[in-house]
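Chemist: please find the sequence and the predicted model below.
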Amino acid sequence: MESQVALIQAKHIPAERIQLRVAAEAQARQHLLKFLVEPTQENLKAMLVEADYDRNKAGTKVQDRFGLAFRGSNGNGLLSHVQEVVTWVRQLWETPEADCPELMEQFLKDGSIPGAGPAFVSLILYLRNPEAFNLWLGSMVKGMELVDGKAYGGKKTAGQYTRYNQAANEFRRKYRLEPQAMDIVLVVLNEANKKAGLEPGDPELKGESGAAAPGNSGPFSAECFTLLAGLKETPTYAFYQAHKNALQDLVQTPFQRLLREVVKRLPTAMLPHLETEKKLFGRIPKNDYGQGGAHPFYWGALYPKGGKRIGDAQLYMLINSTALNIGFWLPEEQTEAVKRFVEQAPLHVEQLLELVGEVATAPDLGFGIDGQDRAIAGLTCTEWLKNPKAHGLRVELLLPAEVTQSLTEEVLIAKIARLFEDLFPLFQLAEGLELPIVLDPDADEDLLGLNPPYSIATCAAETMLGIELLERWLRAIERKRQAVLYGPPGTGKTFAARRLAKHLVQESDGLIELVQFHPAYSYEDFIQGIRPESRPDGGLSYPTVPGRFMNFCEQAAKRKGPCVLILDEMNRANLSQVFGELMYLLEYRNENIQLAGGNLLRIPNNVRVLGTMNTADRSIALVDHALRRRFAFLQLRPDYDLLKRYQENYGFNADGLVAVLQQINNTIQDPHFELGITYFLHKDLGKEQGKELKDIWEMEIEPYLEEFFYDQQHNAENFRWAKVQNQVLPS
């Protein structure tokens, strides 16, 4: 099956197709959220159209991903029952994921919306979380039945979907498919007899080997291995020179192409840690000071960025006269990477086995090095990890020459990329990179708990900010992974930051923490510092203690969901001093850096940083340019319409109050010091002849104006309560 999936990916799933689908799904989500706020036919239709976009063989964007599932009579049925649709969509979107099967059962039994069957309910759940929910289309179900031989058809029930969805998720994880590729793979498997790229008689569909079909040979021919056998028999520079062109064409060129294509298939999170462009390949002639020798093999490797191909940990490929070898390797010399791996591997055996996964027990994977430079027969991964130094620092998959010749290039690329990804935790350990924390998925929910749902519509309702603005901010946060909400006092920056964080962590195990910055806040408080501690003998020790940010990152690494750290009033501190090495990591998020105290710091991928800046304290123009470049800046200005809408809910006409605020801000003439509206977001402003409003004005507004107009006191006098109360209070 692995070879079949690899061939389908090669023939039917170019990266551009997945990119288009991802973008279309994102647009569909935006229209769905608009539909929840404004349930109109236009918004519903826009959602269905965007979700249906695909890329055809000619590279054109077309509306044909789901055939007629959401078009024609089905689409018309949905559009003619907008109110019923929005009721169900809201429940499907906001109900905790664990309760969705029960809700699906209710939906299927209800059956009151023409055209809204299993496909529609699964589409809403898929748009909500593509990693958890699969589309429930007949062709996909049949494809899944082909895959594991189980029946998922028949009567459409939530139980049937749950079984199918679980099997589909296992299939997707096993073959590392994007959610957007699942319907393509399953449909092609189901319709192989329709000349969709694979014919029933194709060797790719018949066997598990992924053998190259006639006319579609693999990258390494029999002549390649014959030539390498000659080089082994006569390992001299003279042989190399005599066969230089043949070696280039049959060995070096296909080998280099293969490794470069493998790099393109690796997860993006691996790439910042690997050198993937420079000095990847060895040379056949030996550097033996004129002795005229040659290596009887050709090899290439991905090694640490900034490191050396010879001497550092590496994920490698090597071809010789008998086999193509692929794996992980460390040198025999006592380098730092070797010392680290030999020391740390025995301490993390269980974690490494969990991270490496099923490949650890694969029968064709060998561990260690015997006296003949082969893997040690019968040695298990567990045994090797417990004492890697004694056994030899290598993990290797050996593909014999006859097997290598039989495999297509696409199958080889998929096989090698998958192995490199599986073995990457070994590379991480050797190079001192932070290993991911593995938690028991069944215990996750009980251990950490899930945050309650908090939709963007709810966020918009509580902040009274527009959904489109919030969506734009959320896109910026995901793009940069750190953002600053800035504006003058009283514009709701911290309130908005907390609500954005609440939306980001909804229905996940993510956490939210807030750190208050101030002028005395330091690097030692935030990153790490020395703290004196008393010893039992009465003396003092001075250990290096992690600060708030390092502690937060440690907690975030144990969780799967987004984790948000809010830095409140961050411009009140000396940011360059407080952040230190973090300035580098905020830009290069996939790397790690060694701190002055010796520890390694890495920001987990699920960490988001939200800062707030009061521009009355310090304009963002005065913030270090390098820091500004690392954050997205989200501006909040006094929103007078928001104030009016809020007070309308409590029967207070705020027109006069807004007019006075506008006069004040026009007099201030500096957007960084304007008066915000949150001073007046209280429900009792108009009660008891404006008693609360008077208190706010005299105790909060007037002192602020006195300070701002310290050299223009006549301006402050113009806005005393006694002078504005008749204008502010409704008549």
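Modeler: On my side now, so go ahead.

Chemist: which parts of the stretch 601-731 of the chain are helices?
Modeler: 625-630, 640-648, 655-668, 691-696, 702-708, 713-718, 721-728 (DSSP state H, counting those that start in this stretch).

Chemist: and those as a markdown table, adding mean neighbour count and mean pLDDT?
Modeler: The way it works is simple: take the backbone N, C-alpha and C, and place the C-beta from them, glycine included. What follows is those, written out as a markdown table (neighbours: other C-beta atoms under 10 Å; pLDDT from 0 to 100):
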| stretch | mean neighbour count | mean pLDDT |
| --- | --- | --- |
| helix 625-630 | 14 | 79 |
| helix 640-648 | 17 | 87 |
| helix 655-668 | 17 | 93 |
| helix 691-696 | 16 | 91 |
| helix 702-708 | 16 | 92 |
| helix 713-718 | 14 | 91 |
| helix 721-728 | 15 | 91 |
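
Chemist: save those helices as TSV, and put in distance to Asp54 too.
Modeler: Output for those, formatted as TSV (distance: least, C-beta to C-beta, whole Å):
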stretch	distance to Asp54
helix 625-630	36
helix 640-648	41
helix 655-668	49
helix 691-696	56
helix 702-708	57
helix 713-718	62
helix 721-728	58
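
Chemist: how about those, which one is nearest Trp136?
Modeler: helix 640-648 (41.0 Å; C-beta to C-beta).

Chemist: can I get the closest one in CSV, CA atoms only?
Modeler: This file holds the C-alpha atoms of helix 640-648, laid out as CSV (Å, rounded to 0.1, in the frame of the first residue of the first chain):
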residue,chain,number,x,y,z
TYR,A,640,-16.9,55.8,19.4
ASP,A,641,-19.5,53.7,17.6
LEU,A,642,-18.7,50.8,20.0
LEU,A,643,-19.3,53.0,23.0
LYS,A,644,-22.7,54.1,21.5
ARG,A,645,-23.7,50.5,20.8
TYR,A,646,-22.7,49.4,24.3
GLN,A,647,-24.6,52.1,26.1
GLU,A,648,-27.7,51.6,23.9
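
Chemist: gap between that helix and the chain center?
Modeler: Its chain's average C-alpha position is 38 Å from that of helix 640-648, according to C-alpha atoms, centre = their mean, to the nearest Å.

Chemist: which outside residues touch it?
Modeler: 464-465, 653-655, 657-658, 661-662, 677, 680-681, 685-686 (C-beta atoms under 8 Å, 6 or more residues apart in numbering).

Chemist: what angle separates that helix from helix 655-668?
Modeler: 150 degrees (axes from the mean of the first three to the mean of the last three C-alpha atoms, to 10 degrees).

Chemist: picking that back up, a markdown table for the contacts of helix 640-648, including distance to Leu20?
Modeler: Below are those laid out as a markdown table (distance: C-beta to C-beta, whole Å):
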| residue | distance to Leu20 |
| --- | --- |
| Met464 | 35 |
| Leu465 | 30 |
| Asn653 | 50 |
| Ala654 | 47 |
| Asp655 | 49 |
| Leu657 | 50 |
| Val658 | 46 |
| Leu661 | 47 |
| Gln662 | 46 |
| Ile677 | 42 |
| Phe680 | 47 |
| Leu681 | 43 |
| Leu685 | 51 |
| Gly686 | 54 |
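
Chemist: which parts of the helix or strand hosting Leu474 are buried?
Modeler: Remark: Leu474 resides in helix 467-480, with elements defined by DSSP states H and E. By neighbour count with 16 or more other C-beta atoms under 10 Å, helix 467-480 contains the buried residues Ile467, Leu470, Glu471, Trp473, Leu474, Ala476, Ile477, Lys480.

Chemist: next SSE downstream of it?
Modeler: Assignment by DSSP H and E places the next element after helix 467-480 at strand 482-487.

Chemist: mind saving the C-alpha coords of that following strand as CSV?
Modeler: Only the C-alpha atoms of strand 482-487 are listed here, as CSV (Å, rounded to 0.1, in the frame of the first residue of the first chain):
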residue,chain,number,x,y,z
GLN,A,482,3.7,37.0,17.8
ALA,A,483,1.7,40.3,17.8
VAL,A,484,1.3,43.5,19.7
LEU,A,485,-2.0,45.3,20.4
TYR,A,486,-1.1,49.0,20.7
GLY,A,487,-3.0,52.2,21.3
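
Chemist: residues in contact with that strand: which ones?
Modeler: 473, 476-477, 493, 496-497, 570, 586, 608-615, 620, 630-637, 676.

Chemist: among those residues, which lie within strands?
Modeler: Members of those lying in strands (criterion: DSSP state E): Arg608, Val609, Leu610, Gly611, Thr612, Met613, Asn614, Ala632, Phe633, Leu634, Gln635.

Chemist: least confident pick among those residues?
Modeler: Taking the ones in strands among the contacts of strand 482-487 together, the minimum pLDDT is found at Asn614 (89).

Chemist: what's the spacing between that residue and Ile664?
Modeler: In this view, Asn614 and Ile664 are 18 Å apart by C-beta to C-beta, to the nearest Å.

Chemist: and if you look at Ser112?
Modeler: Taking C-beta to C-beta, one finds Ser112 at 55 Å from Ile664.
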